[in-house]
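Visitor: Fold the stuff below for me.
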Amino acid sequence: AGKFGGFQESDRIELLKSVELAGSIQIDGELQPSEWSEASEIEMDNMNESVPRLYGVASPWNGFSDCSAKVKAKWDRDNLYLAFRVTDDKLAQPYRGGHITLGDCVEILLSKNQTRHLGEKNLTTDDYWLSFAPIPDREGACSVSAPSNVPAAWRKTPAGFNIEAAIPWKCFGDFDLMNE
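Guide: Got it, this is the predicted structure:
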């Protein structure tokens, strides 16, 4: 939602509305319709939202098939669940650990108080930046940025790849789901 490292009032900010999970989600990267059908979706399909980066520098965007994604969210008492359907013409992810953002990955910035951040240039203590990257030679296995204990999985698709993750609410510190 905006410029790398901060938000501007002119930035397009979309809220992804999550729905409460009825049942369960298997974190396997499959994105089963029975698990995700009623969840709303945000499409990241323009250059400002889906900028491919090579070594941290924006590289040419060649349209939807080069780099775009659809994101869905659900929640239950224990986790925030995310599903990413990524369209990417070539999977390029040779990195692990803290360097996964240098290759193909999905990144999400979550904030416990997102409206307070309009106009701020820096992340604050109530912001959480997570990155998920497929490990190309181990389908199913994902590299996850801090916190690394977030269950995540990926699957190759004809158009790119899917990623599913279950982010425990306890990752957000004193966040109280029932009072937020």
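Visitor: Let's test this: name the helix or strand in this structure with the lowest mean pLDDT.
Guide: Across the helices and strands of the chain, mean confidence by mean pLDDT, DSSP states H and E is lowest for strand 53-54: a mean of 46.
Visitor: Strands along this protein, start to end?
Guide: For the chain, the strands defined by DSSP state E occupy 19-20, 41-44, 53-54, 57-58, 68-75, 79-87, 106-111, 127-134, 142-144, 152-157, 160-168.
Visitor: Give me the below-cutoff pLDDT ranges for the chain.
Guide: Low-confidence segments of the chain (pLDDT under 70): 1-15, 45-65, 113-121, 146, 175-180.
Visitor: circling back to that earlier point, could you dump the strands of the chain into a markdown table and include mean neighbour count and distance to Leu31?
Guide: Any C-beta I mention is one placed from the backbone N, CA and C, and that applies to glycine too. Formatted as a markdown table, those follow (neighbours: other Cβ atoms under 10 Å; distance: least, Cβ to Cβ, whole Å):
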| stretch | mean neighbour count | distance to Leu31 |
| --- | --- | --- |
| strand 19-20 | 12 | 15 |
| strand 41-44 | 16 | 11 |
| strand 53-54 | 14 | 24 |
| strand 57-58 | 10 | 28 |
| strand 68-75 | 20 | 8 |
| strand 79-87 | 22 | 5 |
| strand 106-111 | 18 | 13 |
| strand 127-134 | 20 | 14 |
| strand 142-144 | 22 | 14 |
| strand 152-157 | 19 | 8 |
| strand 160-168 | 22 | 5 |
